[in-house]
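>>> just a sequence and a predicted model for now, questions to come.
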Amino acid sequence: MLWPFATAAVAINLFLLGLIGLSVGLPTIAPLTALWLSVPLGLPATWLAARWVAGLIAEAEQT
């Protein structure tokens, strides 16, 4: 359920990372390239986000 949101966040971050790389002489990352790269990278990002949220819920239930 979180996968589309995490994948979109990864795509935005990859594109912005490409823009930052431009300042040090690296080539930019095209928006479509960032989208394609975000598809496989979105799954680990989703897993990490789900673990983070589960930890927050567990912490909230302790109080």
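Here it is on my side, so go on.
>>> if I look at Glu59, how far off is Trp52?
11 Å (Cβ to Cβ, to the nearest Å). Quick note: C-beta positions are derived from backbone N, CA and C, even for glycine.
>>> actually Leu35, sorry about that
From Leu35 to Trp52 the distance is 24 Å (Cβ to Cβ).
>>> now do the buried residues in the longest helix anywhere in the chain.
Using DSSP state H, we find that the single longest helix of the chain is helix 31-62. Buried residues in helix 31-62, counting neighbours by 16 or more other Cβ atoms under 10 Å, are found at Ala34, Leu35, Leu37, Ser38, Leu41, Gly42, Ala45, Thr46, Ala49.
>>> end to end on stretch 21-34, go ahead and measure it.
Taking Cα to Cα, to the nearest Å, stretch 21-34 runs 14 Å from one end to the other.
>>> list the buried residues for that stretch?
Ile29, Ala34.
>>> residues making contact with it?
Ala11, Ile12, Leu14, Phe15, Leu17, Gly18, Leu19, Leu37 (Cβ atoms under 8 Å, 6 or more residues apart in numbering).
>>> measure the fifth one to Ala50 for me?
In this structure, Leu17 and Ala50 are 23 Å apart, going by Cβ to Cβ.
>>> swap in the first one?
Shown here: Ala11 relative to Ala50, a distance of 19 Å by Cβ to Cβ.
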